[in-house]
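Novice: Just to be clear, the model below is a prediction. Sequence and coordinates:
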Amino acid sequence: MDLTKYTSQELNQLKKDIDKELRKRRKQDVKEAQKELKQVAEKYGLAVTDLVSGGGSKSGKGAASVRFRHPEDPSKGWSGRGRKPAWIKEWEAQGKSLDALRVDD
């Protein structure tokens, strides 16, 4: 498609129209995927949430990965979710940065 023949205004309108169409198609794709997922779940006698969560977790949330690790005791880690463990609080009370404990992804 040769876009050089369009004015800036026409290109901006075209972009808006494309974005609108993409949002519309995304909604259609989601509905179709939900329909297919429901059919697969029914085929195996499962709930859709069993397929989405992997079937192992009742809450639908998996175990969070460790984002912070104790510098001297690698068995101590924290995901960054929930209450801060005592060792994190002690670390911060010493004026040290939480970023220093961050685990590289």
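Specialist: Arrived safely. Numbers count the residues shown, from 1 in each chain.

Novice: When you work out contacts or count neighbours from here on, use the C-alpha atoms and nothing else.
Specialist: Will do.

Novice: Just the buried positions in the longest helix seen in the chain, please.
Specialist: What stands out as the longest helix in the chain, according to DSSP state H, is helix 8-43. Neighbour counts over helix 8-43 (16 or more other C-alpha atoms under 10 Å) mark Leu37, Lys38, Ala41 as buried.

Novice: May I ask which helix or strand of this structure has the lowest mean pLDDT?
Specialist: helix 48-53 (a mean of 75; mean pLDDT, DSSP states H and E).

Novice: looking just at contacts, which helices and strands does that one meet?
Specialist: helix 8-43 (3 or more C-alpha pairs under 8 Å, 6 or more residues apart in numbering; DSSP states H and E).

Novice: So which other helices or strands are in contact with the helix it packs on?
Specialist: helix 48-53.

Novice: can you give me how far the helix it packs on is from the chain middle?
Specialist: The chain centroid and the centroid of helix 48-53 are separated by 16 Å under C-alpha atoms, centre = their mean, to the nearest Å.

Novice: The longest helix of the chain - what's its average pLDDT?
Specialist: Per-residue pLDDT over helix 8-43 has a mean of 93.

Novice: one step back: buried residues, the least confident helix or strand of the chain. List them.
Specialist: Val48, Thr49.
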